[in-house]
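In: Quick one, structure for this:
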Amino acid sequence: MNILLAMIPAFLWGTTYAVTQYTLADWPPLLLGAIRALPAGLILLAIKPSTPKKEDWPILFGLGAINIAIFFGMIFIMALTLPSAISSVGMVSVPVFAMFYHWLVHKQRPGLAQGLCGAALIFLAWLLFDPSSLSLNPLGLGAMLAAITCIVIGSAITKSLGGRMPWWTVLTWQLIIGGTMLTLAAAFQGIIAPTSYIAAFDSFSVVNFVGIVWVVVLNTALGYSLYVWALQRMSVVEFAFGGIANPLAGILTGMILLGEAFSLFQYMLMFGMIMMPLLPALLTARVRGKALTAS
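Out: Residues are numbered from 1 along each chain as shown. Purely as a prediction, here's the structure:
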């Protein structure tokens, strides 16, 4: 049951790329980020009102900027410039970047299994993203690296909070703050380059509305609430398995909504990339299980 709960937000997030391309293809990324973040934060605030303490505002502004404003902007650039399957599978490399981050910043050397699986994932990604076999937008790839960096740094900051703030308060206000930042940025862009904004509003359709509801209500308000709730109640192995739903959702929705198709070899590379982050957790769980049995 725990793994199933972890799969729900992961699956919803994995649909972001294909749903955006299918329903909101010509919309500016800053506008999409603002629409995704601010309404979701206000919905959560209405469901359970909360007011941060005075000393908590600086950290919330930092989280809002990294976890929401920059991250959401990068996600929608990826969604509009890269295939859904590539975006979702590429994001499974977050543990490798996190491993290097903690090694360089906190001097925490990775274990042998983590190091080997990280190296294998990098090799598989190099084969999958090889320009000679797959043409990918450099802007989208740059946005992917920036989004992964946001996750690693934002997660480290969030983890450092410990129990300092209730998780609902952190989630609600980083969405509101980050959404406000994106709204201001979108407004500025709309003033200096209004063409894409005017086109988006002039051609607004039912399909656009469905896409916005999916992204705001299901993808963000529900997805993030379940994620933070589940994070406090599950083991690393359970959460790792739940995360499989993200790239699988990206691949499936890309096939169904966008007609994406890749070679068998490319699908095998994607499967290998999905499995690599899971192996260290599985091996650790197995060793601990044997130790408990022996004792």
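
In: Check which helices and strands the lengthiest helix in the chain sits against.
Out: The helix that spans the most residues within the chain, counting by DSSP state H, is helix 167-192. Helix 167-192 sits against helix 29-47, helix 57-63, helix 71-81, helix 195-202, helix 223-231, with contacts defined as 3 or more C-beta pairs under 8 Å, 6 or more residues apart in numbering; DSSP states H and E. C-beta coordinates here come from the backbone N, C-alpha and C atoms, glycine included.

In: What angle do helix 71-81 and it make with each other?
Out: 60 degrees (axes from the mean of the first three to the mean of the last three C-alpha atoms, to 10 degrees).

In: And helix 167-192, what's buried?
Out: 167-183, 185-186, 189-190 (16 or more other C-beta atoms under 10 Å).

In: ok, now which ones touch the nearest residue to L248 once chain neighbours are set aside?
Out: Nearest residue to L248, sequence neighbours excluded (C-beta to C-beta, 6 or more residues apart in numbering): G14, at 6.7 Å. By C-beta atoms under 8 Å, 6 or more residues apart in numbering, the residues touching G14 are 88, 245-250, 253.

In: how about G14, phi and psi?
Out: Dihedral angles phi and psi of G14 (degrees, to the nearest 10) take the values phi -70, psi -20.

In: swap in S160?
Out: phi -70, psi -20.

In: Can you report how many residues neighbour it?
Out: 9 (other C-beta atoms under 10 Å).

In: picking up where we left off before, of all the helices and strands packed on helix 167-192, which gets the most neighbours per residue?
Out: Highest mean neighbour count among those (mean count of other C-beta atoms under 10 Å): helix 71-81, with a mean of 24.

In: outside of that helix, which residues touch it?
Out: With C-beta under 8 Å, 6+ apart as the criterion, helix 71-81 contacts 16-17, 20-21, 25, 29-30, 32-33, 36-37, 87, 137, 139-140, 143-144, 146-147, 150-151, 154, 178, 182, 185.

In: counting contacts, what elements does the next helix or strand along the chain from it pack onto?
Out: Moving toward the C-terminus from helix 71-81, the first helix or strand encountered (DSSP states H and E) is helix 84-90. Secondary-structure packing of helix 84-90 (3+ C-beta pairs under 8 Å, 6+ apart): helix 16-23, helix 112-128, helix 138-161, helix 245-258, helix 264-275.
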